[in-house]
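J.: coords below, sequence missing:
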């Protein structure tokens, strides 16, 4: 007799795993955590230096956004170009701090700058960054909903 509160399945573990894999392969739905697909892809990903370089390049861009002030700046620039003085007010920091954030973002290829008179104006190089933020907002909303269900 199984221990109370424990799940008891009369099949041995290996046959339970095999039946799970066969049911997944027969399904028309592709599961992202299908073990067989992950294992089949893993060796080629590890051996592919081009994939590693791409991952490294992506992480550099993500790092350039990995500060609340830089996210505020990028979000504001999604609405159009701004002068450094406008971003200073937005971030609530001095011009030196904002300039450092802008330099990091510019070096990552996220921003372009143009000097007009005494002012420096910045704009996003990639207008799709707003879509990226909407995706993040969607993740946050679903995360909050799942946390709410969890804690009820």
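T.: Looks like it came in fine. None of the values given here were measured: they were computed from a predicted structure.
J.: Which residue ranges of the chain form helices?
T.: 13-26, 35-47, 49-64, 68-77, 84-91, 95-107, 129-150 (DSSP state H).
J.: Considering these, which stretch scores lowest in mean pLDDT?
T.: Least confidently modelled of the helices of the chain is helix 13-26, at a mean of 40 by mean pLDDT.
J.: Who are the contact partners of residue 110?
T.: Contact analysis of residue 110 by C-beta atoms under 8 Å, 6 or more residues apart in numbering lists 61, 64, 65, 74, 124, 125, 126, 129. Bear in mind the C-beta positions are built from the backbone N, C-alpha and C, glycine included.
J.: I meant to write residue 125 there.
T.: 109, 110, 111, 112.
J.: what are the bridge partners for the third one, then?
T.: Taking DSSP bridges, one finds residue 124 as the beta-bridge partners of residue 111.
J.: Read off the pLDDT value for it.
T.: 96.
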